[in-house]
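A.B. asks: Any chance you could fold what I've pasted below:
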Amino acid sequence: MNKTILITASLLGVLSIILGAFGAHALKDLIPYESQQTFETGVRYQMYHALLLLFVGSTSLIQQKTKKIIYFLVVFGLLFFSGSIYGLATNELSGFNFKSIGFITPLGGLLLIMAWVFMLVCFLNISSKKDN
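C.D. replies: Okay, the predicted model is just below:
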């Protein structure tokens, strides 16, 4: 599972850079400034969570079962959160009205929050004997 998490983290990071450059350059003249800022929010959260997965996949402080839960929460959270933000920000450019599925953005955010909470609970449950 660690290898899968690390590969996914790397791919998400690469895609964040590509999408960030795309948003800053290719979309600059195509969508309003507010939409560009919205797009950048999706990119930023994608990169934050790519870094989170790099940590999760490389640490021994988190049990494998918890890593798997965090992994799926982050992947689906980003799909719903950043994915819907990308769609909403570029809504004017597509034939699909992404506003009709805008309700999944907060659901994605909730999944991302849950991933961090699972990690927090894992750390709170670490025995203080391991700290010494």
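A.B. asks: dump the residue contacts of the residue lying closest to Ser84 once chain neighbours are set aside.
C.D. replies: Across the structure, with C-beta to C-beta, 6 or more residues apart in numbering as the measure, the residue nearest Ser84 apart from its sequence neighbours is Thr105 (4.5 Å). For glycine as for every other residue, the C-beta is placed from the backbone atoms N, C-alpha and C. Taking C-beta atoms under 8 Å, 6 or more residues apart in numbering as the definition of contact, the neighbours of Thr105 are Phe80, Phe81, Ser84, Ile85, Leu88.
A.B. asks: what about the fourth one, how many neighbours?
C.D. replies: Going back to what we said before, that points to Ile85. For Ile85, the tally of surrounding residues (other C-beta atoms under 10 Å) stands at 25.
A.B. asks: what are the ranges of the helices in this protein?
C.D. replies: For the chain, helices defined by DSSP state H occupy the ranges 2-21, 33-58, 64-89, 104-124.
A.B. asks: mind giving me TSV with the ones you listed and columns for mean pLDDT and distance to Gly95?
C.D. replies: Output for these, formatted as TSV (pLDDT from 0 to 100; distance: least, C-beta to C-beta, whole Å):
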stretch	mean pLDDT	distance to Gly95
helix 2-21	96	21
helix 33-58	96	17
helix 64-89	96	12
helix 104-124	96	19
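A.B. asks: hey, which of those is tucked in deepest?
C.D. replies: When neighbours are counted by mean count of other C-beta atoms under 10 Å, the highest per-stretch mean among the helices of the chain falls to helix 64-89, a mean of 20.
A.B. asks: just so I know, which of the helices of the chain lies nearest Phe98?
C.D. replies: In terms of C-beta to C-beta, the element of these nearest to Phe98 is helix 64-89, at 3.6 Å.
A.B. asks: which helices and strands sit right next to that closest one?
C.D. replies: The criterion is 3 or more C-beta pairs under 8 Å, 6 or more residues apart in numbering; DSSP states H and E, and the helices and strands that helix 64-89 contacts are helix 2-21, helix 33-58, helix 104-124.
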